[in-house]
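Student: Sequence and predicted structure below; questions after.
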Amino acid sequence: MNVSLRQLRVFLAVAQHGNFSRAGDQIGLTQPAISRAIVELESQLGLKLLDRTTREVVLTDAGQSLKTRIGRVLEDLDQTLLDVAGLVQARAGKVRVASSPTLSAQLMPACIARCEQQSPGIQFILLDRIQLDVLASVRSGEVDFGVVIEPPSAEDLHCEVVMTDPFVLIAPPAHPLAGKRSVRWAALDGHSLVLLDHASGSRRLIDAALLRHGASCPVKQELGHPTTVFRMVEAGIGISVMPALSVPAAGLSGLAVRPLTPTIERQIMLVRRRNREPGPLAAYVWNLIRGA
């Protein structure tokens, strides 16, 4: 049976008031709309629920039985909806977020601290993974949402840019390019590089920028973690192009950090499944990260 919640609420209002006009005043519908909803409900049930006269509306036996039972059901439903809506105010429960390593290290600690300060009832569970695994965990529903670098394919994802992050040059202080205030991408041509590997969301953006600016560079090492890249550069194996967020706030002792021009930035995004709305707690944490 295709019985709607609206039809049931209309019937209960009529049954309680014994009058179409008063029922319409209570739920904000016109008398013809009330009458139409009752007719549709009776048609779906195959039962006559009301006897109508010019003066009053009287419940049939079937109508009386439905009134007795449906009143409690609708009360339970209303309370359930209020309880679910109250999760936003209560802010208690678990929210799972996946993030790639650089973002986990540089962005997430402040977000988790703010969440604990503002809503101590929320357990913010962070999964620190490479970008490909972050996207897989979002698509599978293992996590509520992810924090990633702009993915190459996102037709099935809802993405929201929360910040941008420029790429910078990392080099030993004695390197010729370290003596410049800024370095053009084209000036990297011919220099050996140490880069993040292709599991990083940044690597394809770096490769594309080098190609676009005509910089042909031998890649000596491809690594999974920024700290390892920095140690390789310190050892003189090559220079590097890294996202600015990978550089600790205190800087890199023993290494020079120079802006690359023209400025090329990566987009940092919140991502979730496109056709699935987040729950109240997940939406709260999503907005908290966006604000932070």
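Tutor: That came in fine, so what should we check first?
Student: Quick one: the strands in the stretch 51-200 of the chain, in order.
Tutor: When secondary structure is read from DSSP state E, counting those that start in this stretch, the stretch 51-200 of the chain shows strands at 57-59, 93-99, 122-128, 145-149, 157-171, 183-184, 193-196.
Student: Looking at those, which is nearest to P243?
Tutor: Closest to P243 of these is strand 157-171 (Cβ to Cβ; 4.9 Å). Every residue, glycine included, has its C-beta placed from N, CA and C.
Student: Which secondary structure elements does the closest one sit against?
Tutor: The contact analysis (3 or more Cβ pairs under 8 Å, 6 or more residues apart in numbering; DSSP states H and E) places strand 157-171 against helix 131-140, helix 203-212, helix 226-234, strand 240-243, strand 256-261, strand 265-273, helix 280-291.
Student: Tell me the spacing between S153 and I125.
Tutor: 26 Å (Cβ to Cβ, to the nearest Å).
Student: Report the contact partners of V285.
Tutor: If a contact means Cβ atoms under 8 Å, 6 or more residues apart in numbering, then V285 has V95, V97, C115, I122, F124, D144 as its contacts.
Student: of all those, which two lie farthest apart?
Tutor: Maximum distance among the contacts of V285 (Cβ to Cβ): 12.9 Å, for C115 and D144.
Student: List the buried residues for the longest helix anywhere in the chain?
Tutor: Ranked by residue count, the top helix of the chain under DSSP state H comes out as helix 61-90. Buried residues in helix 61-90, counted by 16 or more other Cβ atoms under 10 Å: G63, L66, K67, I70.
Student: how about a markdown table for these, with distance to V162 added?
Tutor: Written out in a markdown table, the entries for these read as follows (distance: Cβ to Cβ, whole Å):
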| residue | distance to V162 |
| --- | --- |
| G63 | 55 |
| L66 | 51 |
| K67 | 52 |
| I70 | 46 |
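Student: Tell me how the chain divides into domains.
Tutor: Residue ranges for each domain of the chain read 5-89, 93-161+268-291, 165-265, as given by automatic domain parsing.
Student: CSV for the ones you listed, including mean pLDDT?
Tutor: Formatted as CSV, the domains of the chain follow (pLDDT from 0 to 100):
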stretch, mean pLDDT
domain 5-89, 86
domain 93-161+268-291, 91
domain 165-265, 95
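Student: neighbours around the closest residue to E155 other than its chain neighbours, how many?
Tutor: Excluding the flanking residues, the one nearest E155 by Cβ to Cβ, 6 or more residues apart in numbering is R274, at 7.8 Å. Neighbour count for R274, taken as other Cβ atoms under 10 Å: 11.
Student: what's R274 sitting at in phi/psi?
Tutor: phi -60, psi -40 (degrees, to the nearest 10).
Student: so what's it up against?
Tutor: If you count contacts by Cβ under 8 Å, 6+ apart, R274 has them with E155, D156, L157, H158.
Student: export the helices and strands packed on strand 157-171 to TSV and tack on distance to K180?
Tutor: Shown next, in TSV, are the helices and strands packed on strand 157-171 (distance: least, Cβ to Cβ, whole Å):
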stretch	distance to K180
helix 131-140	31
helix 203-212	18
helix 226-234	16
strand 240-243	15
strand 256-261	6
strand 265-273	20
helix 280-291	36
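Student: for the ones you listed, which one ends up most surrounded?
Tutor: strand 240-243 (a mean of 25; mean count of other Cβ atoms under 10 Å).
Student: what packs against that strand?
Tutor: Going by 3+ Cβ pairs under 8 Å, 6+ apart, strand 240-243 lies up against strand 157-171, strand 193-196, helix 203-212, helix 226-234.
Student: hmm, try it at 10 Å
Tutor: helix 101-106, strand 157-171, strand 193-196, helix 203-212, helix 226-234, strand 265-273 (3 or more Cβ pairs under 10 Å, 6 or more residues apart in numbering; DSSP states H and E).
Student: quick one: strands adjacent to that strand?
Tutor: Partner strands and pairing direction for strand 240-243 (DSSP bridges) are strand 157-171 (antiparallel).
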